[in-house]
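Chemist: Fold the following and give me the result.
(chains A and B)
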Amino acid sequence: MRGSIPILRMGETLLATVHVDLHDAVAEAFQTDVLTAVEKRRTNGLVIDISGLDMVDTYVARILAQTGQMAKLMGTTTVLVGMRPEVSATLVRMGYMMEGVYTALDLDEGLALLKRLCKRRR
Amino acid sequence: MVIEARTRREMKIASEDDVALVRRAVRALAEAHRFDVFASAAITTATSELTRNVWVHARGGVALIEEVLDDERVGIRVTFRDEGPGIDDIERVLAGGYSTAKSMGLGLSGSRRLVDEFRLDSTPGRGTCIQILKWHPL
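Modeler: Here you go, the predicted model:
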């Protein structure tokens, strides 16, 4: 299961595209891969693109939020991008609060947000 | 109003992979009946939560997926049955924010908010049966 979610590096930014079911084994490998990539080289931000997910239940939402919280402990800001309208509506109606990650509409907006956040931090 | 089941499909919940299989079967049915993306995501997500609950808390059970009809609507009804530990305090669990094992505590209360009809029967030590239904105009 390791490596089933690709993580690309663009300069100091990591981009992970989630397009498969994040069940136990995949989720654990994903979190490990992200943290290993963050440690390896100077990383300002992590963008997680979930536009390929047509369903995010509280389990998957928690995995995503946790990944962001883990990256944060290592000094990296996470932006979750591409959440579909029906996914957002479903999570809010269930009462789920996504904590520990920033969100943006799409990849472009996410990268722009990251740039602003990093500038502010310096 | 007479509810009639047009098709029924029983699926075993015997591993974590079955969570995805049951969810996919429900989504396929919702798409076949042209549920809009919001209704489809709602019933699919509720199914995912409840199937996962069966697996995590009872280590197995069954999901019965039915296509139901009344005079003017078509619906998807899913019944989850297990012989697990049951639920001690149903009211507290339905209020949300209550968590045992590794679920978030929103599985039951959240699922209930996503569907049109929700029924829960549970006997501590004997098992749990939960039924959800989502309607769509014909």
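
Chemist: tell me which helix or strand of chain A sits lowest on mean pLDDT?
Modeler: Averaged element by element with mean pLDDT, DSSP states H and E, chain A has its least confident helix or strand at helix A:24-40 (a mean of 89).

Chemist: whoops, chain B was the one
Modeler: Within chain B, confidence by mean pLDDT, DSSP H and E is lowest for helix B:90-95 among all helices and strands, at a mean of 80.

Chemist: buried ones in whichever strand or helix holds B:R77?
Modeler: Here B:R77, judged by DSSP states H and E, is contained in strand B:73-82. Residues of strand B:73-82 classed as buried: B:74-82 (neighbour count, 16 or more other Cβ atoms under 10 Å in any protein chain shown). Just so you know, the C-beta spots here come from the backbone N, C-alpha and C atoms, and that holds for glycine as well.

Chemist: the helices in chain A, which residues?
Modeler: If DSSP state H is used as the criterion, the helices of chain A fall at A:24-40, A:58-73, A:85-94, A:107-121.

Chemist: what's the closest of the ones you listed to chain B?
Modeler: helix A:85-94 (3.0 Å; Cβ to the nearest Cβ).

Chemist: Mind giving me the packing neighbours of the closest one?
Modeler: helix A:58-73, helix B:37-53, helix B:107-114 (3 or more Cβ pairs under 8 Å, 6 or more residues apart in numbering or on different chains; DSSP states H and E).

Chemist: Quickly list what the residue nearest to the spatial centre of chain A is bridged to.
Modeler: Central residue check for chain A by Cα atoms, centre = their mean: the C-alpha nearest the mean position is that of A:I48, 3.1 Å away. The bridge-partner assignment for A:I48, based on DSSP bridges, gives A:A16, A:L80.

Chemist: shouldn't it be in contact with A:T76?
Modeler: No - the pair formed by A:I48 and A:T76 falls short of the contact definition of Cβ atoms under 8 Å, at 11.5 Å.

Chemist: for B:L64, what are its contacts?
Modeler: Shown here is B:L64, whose contacts under the criterion Cβ atoms under 8 Å, 6 or more residues apart in numbering or on different chains are B:8-11, B:78-79, B:81.

Chemist: In which helix or strand does it reside?
Modeler: Secondary structure assignment for B:L64, by DSSP H and E: strand B:61-69.

Chemist: Pull that strand out as CSV, backbone CA atoms only.
Modeler: Backbone C-alpha positions of strand B:61-69 (Å, rounded to 0.1, in the frame of the first residue of the first chain) are rendered in CSV as follows:
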residue,chain,number,x,y,z
GLY,B,61,-22.5,-8.3,10.1
VAL,B,62,-24.7,-7.8,7.0
ALA,B,63,-26.0,-4.9,4.9
LEU,B,64,-29.2,-5.3,3.1
ILE,B,65,-29.6,-2.8,0.2
GLU,B,66,-33.1,-2.3,-1.1
GLU,B,67,-34.7,-0.2,-3.8
VAL,B,68,-38.1,0.8,-2.4
LEU,B,69,-41.1,2.5,-3.9
